[in-house]
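J.: Just to be clear, the model below is a prediction. Sequence and coordinates:
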Amino acid sequence: MTAGGRVRWGIAVAGVAILAVPAAQAQAKKVVRTVTKTFCSDTALPIPDGPASGDFVGGLVSTGKGCPKKLICGYGGLPLGAKVRDVDAKLRVTHPAVGDLTVLLVNPVGGLTTLTARNGGAGADFGFGSTGCGAGFTTFDDSAPTSIEGAGPAQAPFGGSFRPQVPLSQNHGTFGAGDWRFYFDDQAAGNQGTVEAVGIRLKYRYIVRMRKR
């Protein structure tokens, strides 16, 4: 009997203690689920022009507040323990010379990834069409055939997918729920731009313990 008055019993066989296991626990099984979702935010944030220190602007994408039915979720609306398996970053930026820009992505636990650092030269804009979440985005994807590094004005407005300057795979295995933040720094004076929309495509995995019937 334990200090709390509960009975715990077992049988010793050849020096090995065999403890009784509650039936509900014995019938539980572990199920691994993988989900892919896209999250987007209309931002319409002006980017401060020029290389002054600390004049960057940030756009935020949240994984939301909705929790799947019958699951326990924390802040960010994903099931507890959900970890990143893959992530792509999406930009819609109007700017006459995107080679002025450095763009960073910061995950919910503070890990930083450089998406692009002054690539694209005098090419105008990241993405095309609508200036909201319905836009044609520039997508940063580790599996893209073309890198953003060395991309020139002829490829503007950089529709489709590009490999980021630093691989997004460094986010794999981190907790994905919460706020993903984009930071934009214009490092050359003379051109004004706007962050129209930002987004992420997030593939995450979580574990559910289910009772067998």
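T.: Now that the structure is in, tell me what you want to look at. If you're wondering where the values come from, they're calculated on a predicted model, not measured in any experiment.

J.: quick one: the closest residue to L78 other than its chain neighbours from G132, how far?
T.: Leaving aside its sequence neighbours, L78 sits nearest to A177 (C-beta to C-beta, 6 or more residues apart in numbering; 3.8 Å). All C-beta atoms are positioned from the backbone trio N, CA, C, and that covers glycine. Using C-beta to C-beta, to the nearest Å, one obtains 24 Å as the distance from A177 to G132.

J.: The two: which is more packed in?
T.: Neighbour tally, A177 and G132, criterion other C-beta atoms under 10 Å: the higher count belongs to A177, 24 against 14.

J.: Tell me the gap between stretch 182-196 and the middle of its chain.
T.: Averaging C-alpha positions (C-alpha atoms, centre = their mean, to the nearest Å) puts stretch 182-196 22 Å from its chain's average.

J.: quick one: average pLDDT of that stretch?
T.: Confidence over stretch 182-196 (mean pLDDT, whole number) is 94.

J.: Mind listing what's buried along that stretch?
T.: When burial is assessed from 16 or more other C-beta atoms under 10 Å, stretch 182-196 yields the following buried residues: F182, Y183, F184, D185, D186, N191, G193, T194, V195, E196.

J.: In strands only, show me those residues.
T.: Secondary structure assignment (DSSP state E) places F182, Y183, F184, D185, D186, G193, T194, V195, E196 from the buried residues of stretch 182-196 within strands.

J.: Now do the same contact list for the second one.
T.: So the one you mean is Y183. For Y183, the residues meeting the contact criterion (C-beta atoms under 8 Å, 6 or more residues apart in numbering) are F56, V57, G58, V103, L104, L105, V106.

J.: about what we covered before: now distance to D141 too, for the ones in strands among the buried residues of stretch 182-196, in CSV please.
T.: Listed next are those as CSV, based on distance: C-beta to C-beta, whole Å:
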residue, distance to D141
F182, 15
Y183, 19
F184, 19
D185, 22
D186, 24
G193, 23
T194, 23
V195, 19
E196, 20
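
J.: sorry, back to before: I'd like to know which of the contacts of Y183 is nearest to D142.
T.: Lowest distance from D142 to these (C-beta to C-beta) belongs to L105, with 12.5 Å.

J.: I'd guessed that closest one sits against F184; true?
T.: No. Taking contacts as C-beta atoms under 8 Å, L105 lies outside contact range of F184: 10.7 Å.

J.: for T139, what are its contacts?
T.: Taking C-beta under 8 Å, 6+ apart as the definition of contact, the neighbours of T139 are D88, A89, K90, L91, G160, S161, F162, R201.

J.: Let me know the pLDDT of the nearest residue to it once chain neighbours are set aside.
T.: Sequence neighbours aside, S161 is the residue nearest to T139 in space, at 4.5 Å (criterion: C-beta to C-beta, 6+ apart). Model confidence at S161, given as pLDDT, is 98.

J.: thinking S161 is in contact with D141, fair?
T.: Yes. At 4.5 Å, S161 counts as touching D141 under the criterion of C-beta under 8 Å.
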